[in-house]
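>>> Next one to model:
(2 chains)
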Amino acid sequence: MTVIIPIQKVGRSDRSAVGGKAFALSQLLTKGMDVPKSVCITTEAYNRYISTTGLRERILLELSRKQLDQMRWEEMWDASLRIRNMFLRTPIPRNLGDTISSAVGGCFGGQAVVVRSSAPEEDSAKTSFAGLHESYLNLSGLDRVLTHIRLVWASLWSDAALLYRTELGLDVEKSTMAVLVQEIVIGDRSGVIFGLNPNHSEQAVLESVYGLNAGLVDGAVEPDRWIFERKSGRILDHYEPPRKQWLVPSSSGTSLEALPNKLRRKPPLDDTECTRLYRMAMKLESYLGSPQDVEWTLRDGVLYLLQSRPITTAPSEAAEDKRPWYLSLRRSLDNLKSLHLKIEKQLLPKMLEEAVRLRERNMAGLSDDELADEIALRKKTYDHWVDVYWKEFIPFAHGMRLFGQVYNDALKPDDPFEFMDLLRSANLASIQRNKLLVQIAQKLHGSPELIDCLKRGDLSLNPEFEAMLNAFIEQLGIGRRPAEGAVVSGYDKNAIIPLLLELASSPEDRMHSDGKDPEILNSRFLACFDGDKKQMAQDLLDLGRASYRLRDDDNIYLGRIEMEMSIAVSEGIKRIEKRGTKADIVSAPEDVIEVLKNPAYIPQPGSSEEKAETGRTVKARQLLGQPAGPGIARGAARVILKQSDLFEFKRGETLVCDALDPNMTFVVPLSAGIVERRGGMLIHGAIIAREYGIPCVTGVAEAASLIQTGQTVTVDGYLGIVTIE
Amino acid sequence: MKEKEPLNSLLIKLFSEQRLAVLGTQSRSGPYGNLVAFAATDDLKYLLFATTRATRKFENLTEIPKVSLLIDNRSNREVDFHEAVAVTATGTAKEVLGSERDSFQDILLSKHPYLSGFVTAPTCALLKIEVDTYYIVREFQHVVELHIKL
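Next up is the predicted model:
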């Protein structure tokens, strides 16, 4: 099969070789429509590239690390980043590169081009989803074009594509990707027209912006929007946004600039142009047989069709399908910068203020009725902040990912997660809390008398030490928001004594210092950018650091609100018990409220959430997860199934748990290695492991049930392997 | 001695066609077998494979370095009985360290490029089997020995 087909030579039988996007444009070209000059790099090029370089098997190895349907979305992002890095670091073999270069050079000379994905699976009538694969604009120089062809190939395995793998028919063994290289048409106005409004079958929708179309498609520039009556083409509505920016070509690709004032006041299209576009959409529908989603641009009055794909209904409109929400997490730098400001300047101070305000209310003086109202108020407050957590804090975690991708593109590091070392200088709340723990242990280390007092539970002669200990316990208490599968619900002073004594035997601060020097990484990263791009890189780094820090701190802030709710609920339970009512089935805030208001109310016992015994007799020997913290460690496992397991932790043991949440972090300085069922490279366990330089493997299915406390385990944090002896 | 040259070619062809081999190791508690991705040096003196140091096979061959490696081209069909070739190499396994590591690693990775992340990990050991003898079985029962280390 040939590697290159000029668009004017694409025939009917070439559809699978050139992909849906290129095929549709070739059809429009034959109908005499204006399409940018284009060359198709066929799927054969992709296949040759991944076969001759060994990438095919490396991709398969990466994607078979864990079954895709068992991967969390974060793990898909991690896998996708690793694959993307493989493409970034693997040059196109010389023969193939020469063939592509000569075709691209021959067609475009030194002209800037656009490199677009054209997947055979994408853009067919059954499966059409915008934005799952990548396109790159305004690329000059054959080297840059070849690099971006590799990035388009890599986007076959983007996290979004993996998420929609069933609908796309993505097959890890067979899927392939064609690429369309087009001349860049620098339109003065651009947009998208949907021949059929996906939300209303009687309408068509037109969106338009000044400048390049990618500004609209990426969500960076808000478009003017016109709604048409589909049957007649009559304009029913025109929405005008505040027009502030436009995307224009720049030396390094594209750049988002302020829109000149005279354009801000004027819609990008007049009614005649809108009608022209509507008619064009209808014409395309009749040529291609179904309503189309068309990207277009206008240059000097000529209307160019950039791409056209069939409109299909959303892959799943079910409310329980959370994938669209996940995709919405991919946000621009500007969007994340404003989100950062909102979180740091408004939301976190407000949460703290709310927690302090709640704490000031004395519940002892409240009647039962008033207490019930107070619990309801606190529950409502807590629920509100949980909602904010999902809507604002979780999306902000994407800041780390955005930074990671830019870092990898710039430096192509061997370790695709090297960027985490550059974010490490952040000051995590849970690390600060551990520093306090080390201070306590240091005081104990130098004083056998103090140890004796602690064991006897009499610290009256050491008020300073007692205050330190109370401060630590309060800090532990305030971070009580349980993570997925968490086992921690609260602490008492006596339970923590064995752990303090364990720490006191050698109370050094284990903070990691032998990783890569953040200062060197910092300079290397910034040196990759010139001019105004340097400022963008610095902004991105600042954002990544804030995102890294807040990834955990937000849990601790939310924990403060939850603690205030728990205090009120505990007061309610105490009163119910005083009445002589058996309160062991009353724990949910709703039940406590009901019983306080109506002493005759008897709550229904909840169902047990304990997992059924599977009766397995499997003995695990070697388990595969993700290499989340480099290094190797061997030691006895301490499996954390309940709170008391944490307090029995001994130095040099390997922490094995379902999900390491910020409230379990205090045992990390004692541990040799960390193994976690929950997967991800950017989750709390992985972040803390990197901070302490502790080998860590995450995403080990059934880790806490396949590994037993006391078994010797080797944690290979380079390869993501846990071996059980 | 006469058969040595054709045997060399047969082995080189077989080793270049086959990706996996069965490694036999032993410990005081008994024998153990594994599939490993392997490569051979051009002179057939060494067979190479990689493993992480936490594995049972690494533990075994550290304790008892005498190992075997079975390489064959069976296709899991009846014709295997007359068509298949099976070669058992016996020799001594040693971790490749120092200056040798780069060149031996290149040999293994040029045959298995997808293993680059695995082989170059600090926890992964590159092993060479210094071959004593190849036992070559063809046509069901035809067995010859090729002594490498005299």
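
>>> Counting neighbours, what do you get for A:Q442?
By other CB atoms under 10 Å in any protein chain shown, 15 other residues sit near A:Q442. Using the backbone N, CA and C atoms, a C-beta is placed for each residue, glycine as well.

>>> Report the secondary structure element holding it.
helix A:429-445 (DSSP states H and E).

>>> same check, this time on B:T62
Taking DSSP H and E as the definition, one finds B:T62 inside helix B:56-63.

>>> show me what contacts the closest residue to A:M363 other than its chain neighbours?
Leaving aside its sequence neighbours, A:M363 sits nearest to A:E571 (CB to CB, 6 or more residues apart in numbering or on different chains; 4.8 Å). Residues near A:E571 by CB atoms under 8 Å, 6 or more residues apart in numbering or on different chains: A:363-364, A:371.

>>> Identify the residues contacting the closest residue to chain B within the stretch 251-400 of chain A.
Using CB to the nearest CB, the single residue of the stretch 251-400 of chain A nearest to chain B is A:M400, 22.4 Å away. Neighbouring residues of A:M400 by CB under 8 Å, 6+ apart: A:420, A:423, A:544, A:547-548, A:551, A:682.

>>> Would you show me how to pick out the buried ones of those in ChimeraX?
Only the buried members of those end up in this ChimeraX selection, burial being decided by 16 or more other CB atoms under 10 Å in any protein chain shown:
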select /A:420,423,544,547,548,551,682
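
>>> Of the contacts of A:M400, which is the nearest to chain B?
A:M420 (17.6 Å).

>>> my guess is the closest one contacts A:R690, does it?
Yes: if you go by CB atoms under 8 Å, A:M420 and A:R690 touch, sitting 5.7 Å apart.

>>> For the contacts of A:E571, give me JSON lines that also has pLDDT.
Output for the contacts of A:E571, formatted as JSON lines (pLDDT from 0 to 100):
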{"residue": "A:M363", "pLDDT": "81"}
{"residue": "A:A364", "pLDDT": "79"}
{"residue": "A:L371", "pLDDT": "90"}
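
>>> quick one: which of those is most hemmed in?
A:L371 (22 neighbours).

>>> That one: what's it in contact with?
A:L371 neighbours (CB under 8 Å, 6+ apart): A:363, A:568, A:571-572, A:575, A:596.

>>> What helices and strands are in contact with the helix holding B:T62?
strand B:20-27, strand B:30-37, strand B:46-52 (3 or more CB pairs under 8 Å, 6 or more residues apart in numbering or on different chains; DSSP states H and E).

>>> average model confidence for that helix?
The predicted model assigns helix B:56-63 a mean pLDDT of 96.

>>> now the angle from it to strand B:46-52?
Calculated by axes from the mean of the first three to the mean of the last three CA atoms, to 10 degrees, helix B:56-63 forms an angle of 120 degrees with strand B:46-52.

>>> Got phi/psi on the residue nearest to A:M363?
Main-chain torsions, A:E571, degrees, to the nearest 10: phi -60, psi -40.

>>> mind checking how far it is from A:V592?
9 Å (CB to CB, to the nearest Å).

>>> In chain B, which residue sits nearest chain A?
Counting by CB to the nearest CB, chain B gets nearest chain A through B:P113, at 2.8 Å.

>>> What number of residues are in the vicinity of that residue?
17.

>>> Find the nearest non-adjacent residue to it, please.
A:G54 (2.8 Å).

>>> Get me the contact residues on chain B for chain A.
B:52, B:54-56, B:112-114, B:116-118, B:121-124 (CB under 8 Å from any CB of the partner chain).

>>> can you pull the contacts of A:D293?
Contacts of A:D293 (CB under 8 Å, 6+ apart): A:128, A:130, A:192-195, A:308-311.

>>> I only care about the residues you listed that end up buried; give me the PyMOL line for that.
Buried residues within the contacts of A:D293, by 16+ other CB under 10 Å, are selected in PyMOL with:
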select buried, chain A and resi 128+192+193+194+195+308+309+310+311
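
>>> Neighbouring strands - and their directions - for whichever strand in chain B runs longest?
Secondary structure of chain B per DSSP state E: the longest strand is strand B:124-138. Strand pairing for strand B:124-138, using DSSP bridges, gives strand B:46-52 (antiparallel), strand B:86-95 (antiparallel), strand B:142-147 (antiparallel).

>>> quick one: buried residues of that strand?
Applying 16+ other CB under 10 Å to strand B:124-138 flags B:124-129, B:131, B:134, B:136-137 as buried.

>>> Farthest-apart pair in those residues, please.
Spatial extent of these (CB to CB) is set by the pair B:C124 and B:V137 at 31.6 Å.

>>> For B:K45, give me the pLDDT.
On the pLDDT scale, B:K45 gets 95.

>>> Could I get the strands paired with strand B:124-138 in a markdown table, plus columns for mean neighbour count?
What follows is those, written out as a markdown table (neighbours: other CB atoms under 10 Å in any protein chain shown):
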| stretch | mean neighbour count |
| --- | --- |
| strand B:46-52 | 23 |
| strand B:86-95 | 20 |
| strand B:142-147 | 12 |
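
>>> Figure out which of those is closest to A:R524.
strand B:46-52 (30.5 Å).

>>> on that earlier part again, next step: the contacts of A:D293 restricted to strands.
A:192-194, A:308-310.

>>> Just give me the closest of the residues you listed to A:R560.
A:V192 (44.9 Å).

>>> so what's that closest one up against?
So A:V192 contacts A:206-207, A:213, A:216-217, A:223, A:293-296 (CB under 8 Å, 6+ apart).

>>> Emit the ChimeraX select command for whichever of those residues are buried.
Buried residues among the contacts of A:V192 (16+ other CB under 10 Å), as a ChimeraX selection:
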select /A:206,207,213,216,217,223,293,294,295,296
